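1. turn this into a model:
(one chain, ligands or ions: 1)
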Amino acid sequence: MTDRVNPEVRRVADDIDTMEIRGAATIADAAARALRVQALESDASDPATLRADLRAAARTLVETRPTAVSLPNALRYVLRGATGQTVEEIHENVEATATEFCARLDRAQSDLGQVGANRLRDGDIIMTHCHSTDALACVEAAVEQGKHIEAIVKETRPRNQGHITARELHEMGVPVTLIVDSAARRYLNDVDHVLVGADAVAADGSVINKIGTSGLAVNARDRGTPIMVAAQTLKLHPGTMTGHTVDIEMRDTDEVIDEETLAELGSPTVRNPAFDVTPPRYVDAIVTERGQFPPESIVMLMRELFGEHTTEPWVEPA
Ligand SMILES: O=C(COP(=O)(O)O)[C@H](O)[C@H](O)COP(=O)(O)O
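-> Below is the predicted model:
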C-alpha cells in the first residue's frame, strides 16, 4: 500500500518528536497547519479516501508526543471541520477550519495574557520553569500595561528550555536572573509569583507540565509564594472527565547523559520523564482566556466546553 501521508505531515511529526517544534500551543498550531497541507495537497479522488488520508495524517501527528493534550484537541477540532459531499468541499472546509483554529489559538493566548497580567503588580518578580508561550503572554501584557516585572528563570534541565524563556523575556525588556534548577528554593523568598504553563489540565485541577513543576509548586507553597498556571482552554484534557489519566512521556537517556559518560558510571539505569503532575492543592489559579479559575472549579469550564463526551475522529469508525 502506498504511503498517503503527505511528506510535510511526516516532517512536522518528526520535528515534534525531536522537539524542533515544542511547547503545547506551538505543537497544536503546527499540527493544524499540517492537516491543512494534507487536505490541500491531496490527490484523493473521492471524499472517503480524503477523509481516510486526513485520519492517517492525524494519527501520525498524534503519535509523536503523548502528554500535551493540545495536540489531540487541535486535530479533533480540524477533523470535525472535514465536512462536505465532494473532495473540493472538504478541501475548502479543512482549510477554513485550520485557519480558524490557528487564529483562535492566537486570540486565546492574547486574551489569556490580559487576564494573567491583572495578577501581576508593578515591581513584581516572577519565577519561571521551562518555556511557555501562555505564561510569557501574561508577562508581555503586564509589560505593555507599563508594569516593571523582573524574572528568575530556572534553566530547566535536561533540555534547558529556560534559555528560550530568558531570551524572550530579555527581548521584552524584563531583567532576568538565570538559576540552576536546584537553586529554586533558595530564591523563592525573593519571588512574588511562580508562573508556569501547562501541557494538560485534568478535570480535578491537576496540572501536567514540565518535569520539576510539582517540586517547585510544593516549595512555593511552603514559602507562601502563589503559583499561577497560564493555560488556554486548549490545554484542558477532556478525557480526564471520564477518568482517563494523562500519559507522562519518557524521553531518551541521551538527553540526560552521553553514552561514554554513562559507561564510565557503570551504566546505571537512567529515567527521563518529560512531565509531572502538580496536584490542585498547590495551584492558586489557572489563568485561561475565559478568566481565571481556582483549580478545583476547572471541571465546570470543561463541562461547558466539551460536554460529557469526546470522540477521537482519527480512529476509523467501526
Ligand atoms: O512544559 C512545557 C513544554 O515542554 P516541552 O519543551 O517538552 O515541549 C510548557 O510549559 C507547556 O508545553 C506549555 O507551553 P505553551 O504555553 O507554549 O503551550
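2. distance check, the closest residue to residue 168 other than its chain neighbours against the ligand.
-> Leaving aside its sequence neighbours, residue 168 sits nearest to residue 136 (Cβ to Cβ, 6 or more residues apart in numbering; 5.7 Å). All C-beta spots, glycine's among them, are computed from the backbone N, C-alpha and C. Look at residue 136 and the ligand: by Cβ to the nearest ligand atom, to the nearest Å, they are 8 Å apart.
3. how many residues are close by residue 136?
-> Per other Cβ atoms under 10 Å, the neighbour tally for residue 136 reads 24.
4. and this protein, which residues reach the ligand?
-> Taking Cβ under 6 Å from any ligand atom as the contact definition, the chain meets the ligand at 22-26, 68, 130, 132-135, 161, 197-199, 209-210, 274.
5. of those residues, which belong to helices?
-> Those of the residues of the chain next to the ligand mapping onto helices are 24-26, 133-135, 161, per DSSP state H.
6. test my guess that the residue nearest to residue 168 contacts residue 164.
-> No: Residue 136 sits out of contact with residue 164 when judged by Cβ atoms under 8 Å, with a separation of 9.4 Å.
7. now the ones in helices among the residues of the chain next to the ligand in TSV, with neighbour count and pLDDT?
-> Shown next, in TSV, are these (neighbours: other Cβ atoms under 10 Å; pLDDT from 0 to 100):
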residue	neighbour count	pLDDT
24	28	98
25	25	98
26	16	98
133	22	98
134	27	98
135	28	98
161	22	98
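8. nearest to residue 261, of those?
-> Of all these, the one with the least separation from residue 261 (Cβ to Cβ) is residue 161, at 22.3 Å.
9. that closest one and residue 38: what is the separation?
-> 29 Å (Cβ to Cβ, to the nearest Å).
10. what ranges do the helices span in the protein?
-> With DSSP H as the criterion, the chain has helices spanning 7-17, 24-40, 47-62, 70-80, 87-117, 133-144, 161-171, 184-188, 213-223, 259-264, 298-306.
11. residue 227: neighbour count?
-> 24.
12. likewise for residue 74?
-> Neighbourhood size, residue 74 [other Cβ under 10 Å]: 30.
13. beta partners of the residue of the stretch 201-318 of the chain found nearest the ligand?
-> At 3.5 Å from the ligand, residue 210 is the closest residue in the stretch 201-318 of the chain, using Cβ to the nearest ligand atom. Note on residue 210: beta-bridge partners by DSSP bridges are residue 275.
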